[in-house]
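Peer 1: Could you work out the structure for the sequence below:
(one chain, ligands or ions: 1)
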Amino acid sequence: MFYRRLRKVFFKPTLSLLPIALLSSAFLVNVAAAATLGSAAAARGRTFGGAVAAGHLTEAQYAATLDAEFSGVTPENEMKWDATEPSRGTFSFGSADIIVNHAQSHNMKIRGHTLVWHSQLAGWVNNITSGSDLLAAMRNHIAGVMGHFRGRITYWDVVNEAFNDDGTRRVDAFQRLIGNAYIEDAFRAARAADPNAKLCYNDFNSEGTNAKSNAIFAMVQDFKARGVPIDCVGFQSHFIVGQLPSTLQANLQRFANLGVDVNITELDVRMPTPATAANLARQATDFATVVRACLAVSRCTSITTWGITDKFSWVPSTFPGQGAALLFDANYARKPAYTSTLQALGG
Ligand code: G3I
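Peer 2: Have a look, this model is predicted:
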């Protein structure tokens, strides 16, 4: 009886009931799409990730926010060289495993960060004095770390921050001892270590069209032409409120046109603290601008914020007097930028 009455209402809508039915279905769609950052991004075929520190996962609110809102994870420090191979040939994956296991049990995609980088290098690497020895150490490091996680990592930041802002190569140990070819050597070693992972080059201040992004572009173009394996380019996107590069979308698009995925890998938008309402509103606009730029580029497959909450962001310790750079404040309250990000994703 009740069922028949239901059928009358929902399956034989009279003209007068139609607008109500349409309205309510639009409402349902909205509610479903608006649920979380991760689900809104998924509806657009993207991943919405956050950088995670293993030590914070034991804080209930941190884990709850991550699990509810994010569909991807990047270990903030736990996969770096000093953490994974603190002494030569001795690998340690305890903290990284905690993050990877957590992410997998919540169906999150994992971005490996990072294999070859001048910073957070284990001390012993800087004591190497010959190119052939450093090359051997680099290849062994890539094989050891990627081998441990083989099959579980979607994207790997194989080489990080190898260029200066003027487009020249950063002269770190790898550049000094091995020379220009260390980057392609790292990518070849990475392909061999985990053939199913997408291999990325990752950098900062390369989000707009400028000398640095031109140099990275030329490298990717050259790699593609010569068959050096590269699948993606990461644009870190550590921005200052109100100062996004106007060429962001065009720059993402030109890289995508080379046949690589592009990813926003470390997004945050810092401001002087304490934050003002005006800056929080400007920040909301900035986050939405980044999301829209990514959505406009079909190969822009993921957006990752560099942290979950302002409480643990790297910003205040590096830029004293600045912070409030993420989507959740220090008490895990959603900021205006959370709402604008969700809306820009289609929520
Ligand atoms: O682990 C030690 C701990 O034992 C010690 O007690 C403590 C005292 O300072 O330091 C701890 O190490 C810190 C580490 O983070 C882990 O918390 C380092 O001092 C600190 O320098 C390090 O900062 C990290 C930074 O990279 C290092 O360059 C940040 O957390 C991390 O967010 C940041 O991430 C980078 C990306 O990897 C690459 N792109 C830029 C981005 C921001 O700098």
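Peer 1: contacting residues for the residue in the chain that the ligand sits nearest to?
Peer 2: The chain approaches the ligand most closely through residue 314 (3.4 Å), counting by C-beta to the nearest ligand atom. Quick note: C-beta positions are derived from backbone N, CA and C, even for glycine. Listed by C-beta atoms under 8 Å, 6 or more residues apart in numbering, the contact set of residue 314 reads 76, 306, 307.
Peer 1: among these, which are in reach of the ligand?
Peer 2: Applying C-beta under 6 Å from any ligand atom, the subset of the contacts of residue 314 adjacent to the ligand comprises residue 76.
Peer 1: Buried only: go through the contacts of residue 314 for me.
Peer 2: Buried by 16 or more other C-beta atoms under 10 Å: 76, 306, 307, out of the contacts of residue 314.
Peer 1: quick revisit: pop out the phi and psi values for the residue of the chain closest to the ligand.
Peer 2: phi -70, psi -20 (degrees, to the nearest 10).
Peer 1: Nearest the geometric middle of this protein, what residue?
Peer 2: In the chain, the residue lying closest to the centroid (C-alpha atoms, centre = their mean) is residue 265, at 2.7 Å.
Peer 1: What segments of the stretch 1-150 of the chain are helices?
Peer 2: 2-11, 18-33, 37-43, 60-69, 81-84, 94-105, 123-126, 131-148 (DSSP state H, counting those that start in this stretch).
Peer 1: Kindly report the residues of this structure close to the ligand.
Peer 2: 76, 77, 119, 120, 160, 204, 236, 266, 314.
Peer 1: from those residues, which two are the most distant?
Peer 2: For the residues of the chain next to the ligand, the farthest-apart pair by C-beta to C-beta is 77 and 204; their separation is 16.3 Å.
Peer 1: what's in contact with stretch 48-64?
Peer 2: By C-beta under 8 Å, 6+ apart, stretch 48-64 touches 37-38, 40-41, 66, 69-78, 95-96, 98-99, 102-103, 108-109, 111, 113, 266, 302-309, 312, 332, 345.
Peer 1: ok, now stretch 120-135?
Peer 2: With contact meaning C-beta under 8 Å, 6+ apart, stretch 120-135 is reached by 77, 80-83, 85-88, 137, 173-174, 177-179, 182, 185.
Peer 1: Also stretch 159-172?
Peer 2: Residues contacting stretch 159-172 (C-beta under 8 Å, 6+ apart): 113-119, 174-175, 180, 183, 186-187, 201-206, 210-212, 214-216.
Peer 1: Are any of these buried, and if so which?
Peer 2: Among the contacts of stretch 159-172, the ones that count as buried (16+ other C-beta under 10 Å) are 113-118, 174-175, 183, 186-187, 201-206, 210, 212, 215-216.
Peer 1: Which members of those occur in helices, if any?
Peer 2: Applying DSSP state H to these, the entries found in helices are 174, 175, 183, 186, 187, 212, 215, 216.
Peer 1: Just the pLDDT at the residue nearest to residue 68 when sequence neighbours are not counted, thanks.
Peer 2: Spatially, and ignoring its direct neighbours in sequence, residue 68 is nearest to residue 36 (6.0 Å; C-beta to C-beta, 6 or more residues apart in numbering). Reported pLDDT at residue 36 in the predicted model: 98.
Peer 1: neighbours around the closest residue to residue 206 other than its chain neighbours, how many?
Peer 2: Excluding its sequence neighbours, the residue lying closest to residue 206 (C-beta to C-beta, 6+ apart) is residue 213, at 4.2 Å. Close neighbours of residue 213, defined as other C-beta atoms under 10 Å, add up to 24.
Peer 1: Do I have it right that residue 213 meets residue 251?
Peer 2: Yes - counting by C-beta atoms under 8 Å, residue 213 does reach residue 251; the two are 5.7 Å apart.
Peer 1: anything in contact with each of these two?
Peer 2: 206, 207.
Peer 1: gap between residue 85 and residue 143?
Peer 2: 11 Å (C-beta to C-beta, to the nearest Å).
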